[in-house]
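1. quick one, fold the following:
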Amino acid sequence: MDLARRELAAWCVGDARLAPHDDLVLARRILERYAPRDEAQAQERERMLAFVDAHPCDAHRRTLLVGHLTASALVVDRARGAALLTHHRKLSRWLQLGGHCDGDANLIGVALRECVEESGIAELAIDPEPLDLDVHTIPVRANEPEHLHLDTRFVVFAPPHARAVLSDESHELRWVTPSELDELSTDASVRRLFDLVFA
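-> From the prediction side, this is the model:
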């Protein structure tokens, strides 16, 4: 991936195009614009579009208990040759940063907002083109049933050698190089993001 080119096209915090938007037409437009790189990604896109169509008022709200749209990103520091991962407090795994839309259909803005909140780094910028799609199951917990997260994933750029600040959503934050990824308890979708960004 040409990270330098994508970073030049990135939108910064405060860009009006990142403003919250409640109409799921915007989320649908972002998903439609995504050009799947293979058949598996094409199927994920169709599955997510069908979910939005089936839940046109609340696909982006966590009150929809069968599942909901989420947005996340791999936060990259090109100077380090590394990405920032969180050891997620609830799931006890190393994951990219991101989270619930909470009624915001601007998936690009959601991903960047979540990255800023979870990293404590204000000077982030996001490539507005989705990088990857992933539908996965969140296991049952005391206060919520098993449900789906239909996640749109982006790449976010941090300034060189940015210092992350731990939030209450993480056990730990760590800058991870591709060669260090095998040392962490993560999943295939995180490895896929690293392959896409650092290959």
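2. next, the buried residues of stretch 42-56.
-> Within stretch 42-56, the residues scored as buried using 16 or more other CB atoms under 10 Å are 44-45, 48-49, 51-52, 55. Yep, even glycine has a C-beta here, placed from its N, CA and C like the rest.
3. same question, stretch 179-192
-> Buried, per 16+ other CB under 10 Å, within stretch 179-192: 181, 186, 189-190, 192.
4. try stretch 126-133
-> 126-128, 130-133.
5. same check, this time on stretch 169-177
-> Here stretch 169-177 shows 170, 173, 175-176 as buried, counting by 16+ other CB under 10 Å.
6. who touches that stretch?
-> For stretch 169-177, contacts defined as CB atoms under 8 Å, 6 or more residues apart in numbering pick out 77, 80-90, 92, 94, 99, 118-119, 164-166, 184.
7. quick one: secondary structure of the residue positioned nearest the centre of the chain?
-> With distances taken as CA atoms, centre = their mean, Ser72 lies nearest the centre of the chain, 1.0 Å away. Taken by DSSP: H, G, I helix; E, B strand; the rest coil, the conformation at Ser72 corresponds to strand.
8. ok, the residue nearest to Arg17 when sequence neighbours are not counted - contacts?
-> Closest residue in space to Arg17, ignoring its immediate chain neighbours: Trp11 at 5.9 Å, by CB to CB, 6 or more residues apart in numbering. Going by CB under 8 Å, 6+ apart, Trp11 touches 17-18, 108, 112, 125-128.
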